[in-house]
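# Take a look and give me a structure for this.
(one chain, ligands or ions: 1)
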Amino acid sequence: SDLSSSWGVSGAYSETAAEKAYPNCEAVPCEQFDIAFEVTYCGEVQLPIRHCLLANHGVRVEDLTRVLSHPQALAQCENTLTTLRVIREAVDNTAGAAQFVALHKLKDTTDVASLGAARVYDMNVLAQDIQDDADNITRFLMLAREPVIPGTDRPFKVDPTKNSRLK
Ligand SMILES: O=C(O)C(=O)Cc1ccccc1
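Residues are numbered from 1 along each chain as shown. Okay, here's the model as predicted:
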């Protein structure tokens, strides 16, 4: 199948967004984007986002002092995190936060990420649907590297409004 790359590690929301935008493609997580090329805006995809509070097995809510997640996820769970009285620490990806907490077997740190991330990194789900807005819809931008006609250095401009797959 064709590939589409999504920013972040496996279990990130962006992976789900890429799969929704390109159903016939396999989403490949990509931890770094080469910023040395031009990107074209191709469209947007909207996803209902349901955040979970993840921790290592055996960790209780009372043990938590810190939460790691993407800044947008931390902001979307403001009420829950304030009630928990945990120190917020922003990282670049929700699933990356889960991977970090799992890898380092942290016992005082939680992370806000998807149910999918809980599965991928074998973490315990302390709470589900912790976002302030029960119907949290988040927009993801689809960007493409400027396609180049093979054999030339000329970029091939695409008209994003003509691409019916992006609807
Ligand atoms: O970090 C992720 O998994 C993302 O895809 C970014 C994000 C963060 C919060 C809500 C939606 C997407």
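# From the recorded domain assignment, give the ranges for the chain.
Taking automatic domain parsing as the reference, the chain has its domains at 2-47+137-166, 52-128.
# Can you check the pLDDT for residue 4?
Per-residue pLDDT puts residue 4 at 76.
# Next: the one 3 residues further on.
Among the per-residue scores, residue 7 holds a pLDDT of 78.
# Quick check: it touching residue 14?
Yes. With contacts defined as C-beta atoms under 8 Å, residue 7 counts as touching residue 14 at a distance of 5.1 Å. Bear in mind the C-beta positions are built from the backbone N, C-alpha and C, glycine included.
# Give me the more crowded residue out of these two.
Counted by other C-beta atoms under 10 Å, residue 7 and residue 14 do not tie: residue 14 has more neighbours, with 24 against 18.
# Doesn't the more buried one belong to a helix?
Yes. Secondary structure of residue 14 (DSSP: H, G, I helix; E, B strand; the rest coil): part of a helix.
# With adjacent residues omitted, what lies nearest to it?
Once flanking residues are discounted, residue 14 sits nearest to residue 6: 4.4 Å by C-beta to C-beta, 6 or more residues apart in numbering.
# Can you give me the neighbour number for the one you found?
Residue 6 has 23 neighbouring residues, counting by other C-beta under 10 Å.
# Secondary structure element holding it?
Under the criterion of DSSP states H and E, residue 6 resides in strand 2-7.
# next one: residue 46
strand 39-48.
# C-terminal to that strand, which secondary structure element comes first?
Per DSSP H and E, the first helix or strand lying C-terminal to strand 39-48 is strand 52-55.
# what's the next secondary structure element after that next one?
The element immediately downstream of strand 52-55 (helix or strand, assigned by DSSP H and E) is strand 66-69.
# How about that next one and the ligand, any contact?
No. Using C-beta under 6 Å from any ligand atom, strand 66-69 stays clear of the ligand, coming no nearer than 7.3 Å.
# what's in contact with that strand?
Contacts to strand 66-69, defined as C-beta atoms under 8 Å, 6 or more residues apart in numbering, come from residues 53, 74, 77, 81, 84, 86-91, 94, 97, 100-101, 108-113.
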